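> only geometry, no sequence info:
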């Protein structure tokens, strides 16, 4: 490592020589480089309570404040852990503190807990340790994590209303078909064949839901499971992600979300003096869309060979034109890190606007579908009653 310590890890490279060159560009002196299969290289991640992830964000921010105040690392960690309310999280962080007290660098202790701390967080911490500015590095890291969490909360909170409205709509329609329509079905007795076509259709739908409802639910669950397993394949996931990017409104929203997350991570890593090729590969891991992630990986390979960043990304056509303009300006002015931070701020604001616009479109559509469905069911029942009365009067 650049700070003289010894560490282990994985690096993406085409062959043995490329791996050595990549490590040297990152400032490390490789001692032993062994080729491993991709499946072996993936570190298994244990499932971690979301409270621990949130606690790690708070811990990083408090640790940065204490370090900037001049306190030693172990003392700062001890004080920050004392403020953690979740018992399981405090246990995890106490184990990290024990390793630090034995002389293990904080970045290595974080790297051993990739289920809690991301590779980008470990790399940012390692860069801060190398140049003697761990406090400022953790400050930038905490800000990045807090903004990423804020974006996630914005998306989750914004989708609560349309999802709730959809559940209510489905529930009301099922309530009508399962309990209301059968009450009128017995009223018509043997005269069902003389009812209006709409009434016959609604009663048939009610009977179908009552007879086959549980089977339909089981089939839906099984279908969702099969689709998830099918889409888990890399080839199908790549195709699906590419199709999602082409969907009107949704595709552009996904581009903005992925670009904002990527830009903020890459900007923080560059500001923390992490080499651009290594920073690109770490920032790529924050991209959920595999099509965009593959494009970034190809650009990272070109950057390792001395190529630029903005032009290849423009050719890949996976990021918005706004992002390419910021990247090009950052490269020309040698201010790539700050420009990426500004780009992420702009995209975060645009994501909020686009989410509100999408909700503004979905809400009336769901409301209209709900109202039209209930009105159609009621109208079919009323028309059947009217037709039945007229039939009784005529006879």
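Ah, there it is. The structure displayed is predicted, hence computed values, not measured ones.
> show the contacting residues for residue 323.
Taking Cβ atoms under 8 Å, 6 or more residues apart in numbering, we find residue 323 in contact with 259, 263, 313, 343, 347. No exception for glycine: its C-beta is placed from N, CA and C like everyone else's.
> low-confidence ranges, the stretch 251-395 of the chain, go.
Along the stretch 251-395 of the chain, segments meeting pLDDT under 70 span 387-395.
> now the stretch 51-200 of the chain
If you take pLDDT under 70 as the line, the stretch 51-200 of the chain has these spans: 186-194.
> what residues are up against the spatially closest residue to residue 210 that is not a sequence neighbour?
Closest residue to residue 210 apart from its sequence neighbours, by Cβ to Cβ, 6 or more residues apart in numbering: residue 178 at 6.3 Å. Residue 178 is in contact with 206, 209, 210, 213, counting by Cβ under 8 Å, 6+ apart.
> now, those that are in helices?
When the contacts of residue 178 are checked against helices (DSSP state H), the matches are 206, 209, 210, 213.
> ok, the second one touching residue 174?
Yes. Counting by Cβ atoms under 8 Å, residue 174 is a contact partner of residue 209 at 7.0 Å.
> comparing these two, which residue is more hemmed in?
Neighbours of residue 209 and residue 174, each counted by other Cβ atoms under 10 Å, are more numerous for residue 209; the result is 16 against 13.
> in space, what's closest to the more buried one - neighbours in sequence excluded?
residue 177 (4.9 Å).
> with residue 182 instead?
Nearest residue to residue 182 in three dimensions, chain neighbours excluded: residue 206, at 6.1 Å (Cβ to Cβ, 6+ apart).
> need the contact list for the residue most central in space within the chain.
Nearest to the geometric centre of the chain sits residue 288, at 6.0 Å (Cα atoms, centre = their mean). Contact analysis of residue 288 by Cβ under 8 Å, 6+ apart lists residue 258.
> can you tell me how far it is from residue 92?
Plainly put, residue 288 is 25 Å away from residue 92 if you go by Cβ to Cβ, to the nearest Å.
> over to residue 335?
For residue 335 relative to residue 92 (Cβ to Cβ), the value is 38 Å.
> got it, and residue 376?
Taken as Cβ to Cβ, the span from residue 376 to residue 92 is 55 Å.
> what do you get for residue 163?
Separation of residue 163 from residue 92 (Cβ to Cβ): 32 Å.
> just want to know which of those two has more residues nearby.
More neighbours surround residue 92 than the other of residue 163 and residue 92, with 21 against 13 (other Cβ under 10 Å).
> tell me which element that one is part of?
Element membership for residue 92, per DSSP states H and E: helix 87-101.
> helices of the stretch 1-150 of the chain, start to end?
Secondary structure of the stretch 1-150 of the chain (DSSP state H, counting those that start in this stretch): helices at 16-25, 38-41, 50-68, 73-82, 87-101, 106-111, 119-130, 134-158.
> what's the answer for the stretch 201-350 of the chain, then?
234-244, 250-271, 276-284, 290-304, 310-316, 321-332, 336-394.
> how about these in TSV, adding distance to residue 147?
Converted to TSV, the helices of the stretch 201-350 of the chain look like this (distance: least, Cβ to Cβ, whole Å):
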stretch	distance to residue 147
helix 234-244	24
helix 250-271	6
helix 276-284	14
helix 290-304	19
helix 310-316	22
helix 321-332	16
helix 336-394	7
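> quick check: residue 310 touching residue 327?
Yes. With contact defined as Cβ under 8 Å, residue 310 counts as touching residue 327 (4.0 Å).
> in terms of neighbours, single out the busier of the two.
Set side by side, residue 310 and residue 327 show more neighbours around residue 327, with 23 against 20, by other Cβ under 10 Å.
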